[in-house]
Structures are given as C-alpha cells and as structure tokens.
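Colleague: Starting from these lines, generate the structure:
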Amino acid sequence: MAATKIEPFYAELGRSIQAQRTKLGLSQESLGAALEPKVTRASIANIEAGKQRILTHTLVQLADALGLDISQIIPKNEHVRKASAPTRLEAQLSKHNVPTKVIRQLSAQLKLSQKEK
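Modeller: Next comes the predicted model:
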C-alpha cells in the first residue's frame, strides 16, 4: 500500500505546532493532555507530521495551549494554501457525489498528464 501524500497545508501547520511545542519544552503527551477532549501522543505526532487533519476546535485549543494566537500557527505561504485547496473540477465532482477517492485518483492522473506536456 502506498503512503498517503501529505497535503502541504497540514505539513506546514504541523511544523509550526511542533516548533512552538519544542520551544516551550512540552512533550507531545503533555500537549495532548491539555486539550479537551484529550488527544493521544500518537495523534499529536501525526498532526505534527501533517498526516492528520485537525478539527477547528482542536486547532483553537492547540494555539491556546501553545500560547499563540491562531493566526500565528496557520500557514502564511500562499502556495501552501493554494496547493491544498480543491480545484474547480474537484469541487464540481464533489457536488455530484463522486467519491473522494475517485476525485483524488482523477486529480493525480490529470496532474501527471499535464506534466507530460
């Protein structure tokens, strides 16, 4: 089975969270315990690696636990935000109840065919 591709937005967000946690000298376990509901050390590790999406209320709590305003941990790079935003085609397919897995496969194929040109 192929590894899941990390979305640039979540990879950058995770790096930001990890940098601040490390700066404060917090363990992943203690950061997770500061949230409500508590989050496991493994989940914090996955978030920092960009492998786990974050619910909005968890993101707000993470920022608070790290002593940051939420705007300080959200990726600022425009290319990171654009890279993780769905294309118009992806949005249209989603509206027509095309399964997410199929949309991702089609998007990957389209990107490959565009690179070959």
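Colleague: rest of the way, CA atoms for contacts and neighbours
Modeller: Noted.
Colleague: The residue nearest to Ala63 when sequence neighbours are not counted: how many residues sit nearby?
Modeller: Once flanking residues are discounted, Ala63 sits nearest to Ile70: 5.3 Å by CA to CA, 6 or more residues apart in numbering. Ile70 has 14 neighbours, counted by other CA atoms under 10 Å.
Colleague: Next: the one 3 residues further on.
Modeller: Neighbouring residues of Ile73 were enumerated by other CA under 10 Å; the total is 21.
Colleague: quick one: contacts for it?
Modeller: Leu13, Ser16, Ile17, Ala63 (CA atoms under 8 Å, 6 or more residues apart in numbering).
Colleague: Pull the contacting residues for the residue lying closest to Asp64 once chain neighbours are set aside.
Modeller: Among residues not flanking Asp64 along the chain, Ile70 sits closest, at 7.7 Å (CA to CA, 6+ apart). Applying CA under 8 Å, 6+ apart, we find Ile70 in contact with Leu59, Val60, Ala63, Asp64.
Colleague: If we use 10 Å, what do you get?
Modeller: By CA atoms under 10 Å, 6 or more residues apart in numbering, the contact list for Ile70 reads Leu59, Val60, Gln61, Leu62, Ala63, Asp64.
Colleague: can you list the weak-confidence ranges in the chain?
Modeller: In the predicted model of the chain, residues 1-5, 78-87, 111-117 satisfy pLDDT under 70.
Colleague: how about the helices of it, start to end?
Modeller: Listed in chain order, the helices of the chain (DSSP state H) span 8-24, 28-33, 41-48, 56-65, 78-84, 88-95, 100-116.
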